[in-house]
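# pasted the sequence and its predicted model underneath.
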Amino acid sequence: MTSTRKVFLTGAASGVAAISSASLWSDIAFAADTPGSLGAKTTSGMMDPKELQDAVDAARSKHNVPGVSAAFYADGQIVLASSGITNVSTGIAATQDTLMHIGSITKLFTTTLVMQLVDDGKVALDRPVVEFMPEFHVGDSEATRTITVGELLNHTSGIDANLLPDIGHDKETIENTVARMRSAPQLHAPERARSYCNAGMVIAGYLCQQLRGKSWYDLIKERIFAPLAMQQAVVLPEDAVLYRLSVGHFLNPATKAPVRTPLAYLPIGYAPAGSTAMMTASDLMTFGRMHMAKGVGPNGTRIFSEANALRMREPFGHVMGPQAFDCTIGWQRSPGGLLHHSGGGPGIVSMLVTHPASQTAIVVLTNADYGVSVLADLVKPFLKTRLGLDTFAPAPKALANQTIDPAPYVGIYENSSVVHEIAAKDGRLTWTAYGRASYDRGVRTERLPTKELAAAGDGRFLTSDTTFIKFVDPDSSGKSRYLQQDVWLYRRT
């Protein structure tokens, strides 16, 4: 298992990247393969519930994760399993009725709200946001004028406000968060590159508020939860306490025991990007099935048009430069027809994977920031058994010949959340980094220990613990304009 999950700037539930958890897919890719045939059909042709339960129990125990909830869907059948406890401080059992954080998977809900606006003719993806929301403003006047609605949803807007520091419960609202982005700089010009962007989704959620005349929270409840009969799903923290709840955990490095997070939610003004939503694995599966059924829920209710459900599966726009990951409108995309999204938060990781062509889907929710190993143990063998898919790229390996010219790489690379420093020492590159703000136990603003980088080819480098970075988009002199780590780009300054 790669240790990138343990570094504050890369892990989906670690540090400033906590709400930006697309990196989980690469973390799963680099995890060791788990043998087995999870998802194999029984003599009746259906999935075996006991096999899933045994697999969930084994993965949770193996990786010392407090609690796991999972839902698997294939052949028109849903199978559920849960294991462990909700909170090491209380010892309450995690059940199929337990609400768990979904983190950035929330972005799919926000995107669905926007596509409902498209259905109603209230917005157009290829038109500037300012046409529909005149008060929209970011720090760059040209970006303000040109950023389109679609660019908010496909991570190409370039708005550099990944996660702003919490300003206190009374002021931490969606509206105030968007107002704070009025001075946000650009990481890149719109459509110049693709880097995971929480800011775009927050603005998209606010756009829905403005055009519908209701809060994003009410819109999610009234236009998605209620019509889909998602009765154990919430987006408001005060609603969550009405149910059996799970909380996040970190691993104590000294005792190797899970410790409850001291922070239940990231800044709630980022709710449309994923800071507050909680639900059962079953309810999240209901949402995933609706998307696979081209906008129609399992109960027969249409949530949005077939045309726009299909449109969400396709790329939007044209990216002129580096792309840190592959995505459509809302979904992340992988070979084999997989559409997926992962989530993180204070001490949690989660994942939703769909395969519309075969009507197969997976939901795995965990209450540990190191739960990615559980995701790998459940997701990889299921995809291989059910779909014959083994689409995960192998981890990069250091080259035998380490002679490189450090000049194209040395420098400082940063975004609103993290600063990377690349230096040269004895003909080798060194790397260190630090975060700009502290949010939870997994966030560190102090400088990380300096490590040597080993070349892995094509601008890729590794540390001794397999932290993986890449230098991209060289200028006319050959110097890299950006450092890429997982789904984020960091601009040379």
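Yes, it's here.
# show me the shaky parts of the stretch 301-450 of the chain.
391, 393, 438-445 (pLDDT under 70).
# same thing but at 90, please
Applying pLDDT under 90 to the stretch 301-450 of the chain flags the ranges 389-404, 417, 426-428, 434-449.
# one more: the stretch 101-250 of the chain?
Checking the stretch 101-250 of the chain against pLDDT under 90 turns up 163, 165-166, 168-169.
# let me see the ranges of the strands in it.
233-234, 249-251 (DSSP state E, counting those that start in this stretch).
# the longest one: what's the following helix or strand?
Meaning strand 249-251. Downstream of strand 249-251, the next assigned helix or strand under DSSP states H and E is strand 258-260.
# residue ranges of the helices in the protein, please?
24-30, 49-62, 106-119, 129-132, 141-146, 149-153, 174-180, 198-212, 216-220, 237-240, 281-292, 306-311, 372-387 (DSSP state H).
# CA atoms only: put the fourth one into CSV for me.
Same thing as helix 129-132. Extracted C-alpha coordinates of helix 129-132, given in CSV (Å, rounded to 0.1, in the frame of the first residue of the first chain):
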residue,chain,number,x,y,z
VAL,A,129,-21.7,31.8,-15.0
VAL,A,130,-22.0,35.5,-14.8
GLU,A,131,-24.9,35.4,-17.3
PHE,A,132,-27.0,33.5,-14.8
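# how near is E421 to S342?
28 Å (C-beta to C-beta, to the nearest Å). Heads up, the C-betas are built off the backbone N, CA and C, glycines and all.
# same check on A281?
14 Å.
# try A273
To S342, A273 is 13 Å away according to C-beta to C-beta.
# common neighbours of those two, please.
S104 (C-beta atoms under 8 Å, 6 or more residues apart in numbering).
# what's the most buried one of the strands of the stretch 101-250 of the chain?
With neighbours defined by mean count of other C-beta atoms under 10 Å, none of those is more surrounded on average than strand 233-234, at a mean of 25.
# thinking again about what came up before, neighbour count for E421 and S342, which is higher?
S342 (29 against 17; other C-beta atoms under 10 Å).
# wait, isn't that one in contact with M351?
Yes - counting by C-beta atoms under 8 Å, M351 is a contact partner of S342 at 4.6 Å.
# now the common contact residues for the two.
Shared contacts of S342 and M351, defined by C-beta under 8 Å, 6+ apart, comprise L24, I105, L375.
# can I get the residues you listed in a markdown table including distance to K425 and neighbour count?
Formatted as a markdown table, these follow (distance: C-beta to C-beta, whole Å; neighbours: other C-beta atoms under 10 Å):
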| residue | distance to K425 | neighbour count |
| --- | --- | --- |
| L24 | 32 | 30 |
| I105 | 41 | 25 |
| L375 | 36 | 28 |
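# going by distance to Y243, which of those wins?
Nearest to Y243 among those is I105, at 18.0 Å by C-beta to C-beta.
# how close does the closest one sit to T34?
23 Å.
# repeat that for I329.
Counting by C-beta to C-beta, the gap from I329 to T34 is 32 Å.
# neighbour-wise, which of the two wins?
Ranked by neighbour count (other C-beta under 10 Å), I329 and T34 place I329 first, with 23 against 18.
# measure the more buried one to A199 for me?
Distance from I329 to A199, counting by C-beta to C-beta: 17 Å.
# for W25, same thing?
With the distance defined as C-beta to C-beta, W25 ends up 21 Å from A199.
# and for N308?
According to C-beta to C-beta, N308 and A199 sit 23 Å apart.
# more neighbours: these two, which one.
Using other C-beta under 10 Å, the more surrounded residue of N308 and A199 is A199, with 27 against 21.
# dump the residue contacts of that one.
S157, I159, D160, A161, N162, M181, A184, A273 are the contacts of A199 under C-beta under 8 Å, 6+ apart.
# now do S305
Going by C-beta under 8 Å, 6+ apart, the list of residues near S305 reads M115, D119, G295.
# distance of it relative to G345?
31 Å.
# what of S215?
In this view, S215 and G345 are 21 Å apart by C-beta to C-beta.
# when these two are compared, which one has more neighbours?
Set S215 next to G345 and count neighbours by other C-beta under 10 Å: G345 wins out with 34 against 19.
# would you map the strands across the stretch 351-493 of the chain?
For the stretch 351-493 of the chain, strands defined by DSSP E, counting those that start in this stretch occupy the ranges 360-366, 411-414, 418-425, 428-435, 451-457, 460-462, 468-474, 480-485, 488-492.
# give the other helices and strands that the second one contacts.
Spelled out, that is strand 411-414. strand 418-425, strand 480-485, strand 488-492 (3 or more C-beta pairs under 8 Å, 6 or more residues apart in numbering; DSSP states H and E).
# swap in the third one?
Other elements packing on strand 418-425 under the criterion 3+ C-beta pairs under 8 Å, 6+ apart are strand 411-414, strand 428-435, strand 480-485, strand 488-492.
# contacts for it, please.
Residues from elsewhere that reach strand 418-425 (C-beta under 8 Å, 6+ apart): 8-9, 15-17, 406, 409-414, 429-436, 450, 452-453, 469, 483, 485, 488, 490.
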